[in-house]
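*Asks:* coords please:
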Amino acid sequence: MKSKWIEPKYDKYGMTQWSWRVLHTENFVLGKRVEIGTFTIIDATKGVVIENNTKIGWGCSILSYSSIDGKKGRVILKKNSKIGANSVILPNVTIGENTIIGANSLVNRNIPANEIWVGSPVRKLREI
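*Replies:* Numbering: from 1, shown residues only. This is a model prediction of the structure:
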């Protein structure tokens with residue numbers, strides 16, 4: 001039996017009941033049946049969209065704004081994408097449908113649909 005998906009609730013700091021956090025929840029769009037791991041932080045200053053059925057491992061950082069280099073831009077994770085634990089997604093990046101990002105990856109560019117990418121910085125491993 002498939003369990004019912006439960007929408008997150010945010011406290012005044014953007015922390016959810018599952019211990020992942022969103023900064024600027026007003027700029028955050030979350031699809032249905034999304035799973036996000038504990039200790040993930042999502043900085044939606046410039047907008048973050050996570051589409052349906054996406055899975056994000058624990059300890060990830062999804063950044064729409066970087067105070068270190070001033071880069072900014074909306075991050076989009078297309079439906080059915082999977083992000084491995086401890087990965088970092090930098091501003092102005094789109095990850096395509098059904099794409100897999102390996103654990104501990106640094107995603108600094110747009111990633112096409114139906115591919116597996118790994119590493120720091122991320123590089124294509126193969127098509128799915």
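*Asks:* for the residue nearest to Ile111 when sequence neighbours are not counted, what are its contacts?
*Replies:* Sequence neighbours aside, Ile95 is the residue nearest to Ile111 in space, at 4.7 Å (criterion: C-beta to C-beta, 6 or more residues apart in numbering). Heads up, the C-betas are built off the backbone N, CA and C, glycines and all. Each residue near Ile95 by C-beta atoms under 8 Å, 6 or more residues apart in numbering is listed here: Ile76, Leu77, Lys78, Ser81, Ile83, Ile89, Ile101, Val107, Asn110, Ile111.
*Asks:* If we use 6 Å, what do you get?
*Replies:* Leu77, Ser81, Ile111 (C-beta atoms under 6 Å, 6 or more residues apart in numbering).
*Asks:* Show me which residues of stretch 54-69 are buried.
*Replies:* Buried residues in stretch 54-69, counted by 16 or more other C-beta atoms under 10 Å: Thr54, Lys55, Ile56, Gly57, Trp58, Gly59, Cys60, Ile62, Leu63, Ser64, Tyr65, Ser66.
*Asks:* any chance of these in a markdown table, plus secondary structure, distance to Glu26 and pLDDT?
*Replies:* What follows is the buried residues of stretch 54-69, written out as a markdown table (DSSP: H, G, I helix; E, B strand; the rest coil; distance: C-beta to C-beta, whole Å; pLDDT from 0 to 100):
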| residue | secondary structure | distance to Glu26 | pLDDT |
| --- | --- | --- | --- |
| Thr54 | coil | 20 | 98 |
| Lys55 | strand | 24 | 98 |
| Ile56 | strand | 20 | 98 |
| Gly57 | coil | 25 | 98 |
| Trp58 | coil | 25 | 97 |
| Gly59 | coil | 25 | 98 |
| Cys60 | coil | 21 | 98 |
| Ile62 | strand | 16 | 98 |
| Leu63 | strand | 17 | 98 |
| Ser64 | coil | 12 | 98 |
| Tyr65 | strand | 14 | 96 |
| Ser66 | coil | 20 | 92 |
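*Asks:* Good, we can wrap up now.
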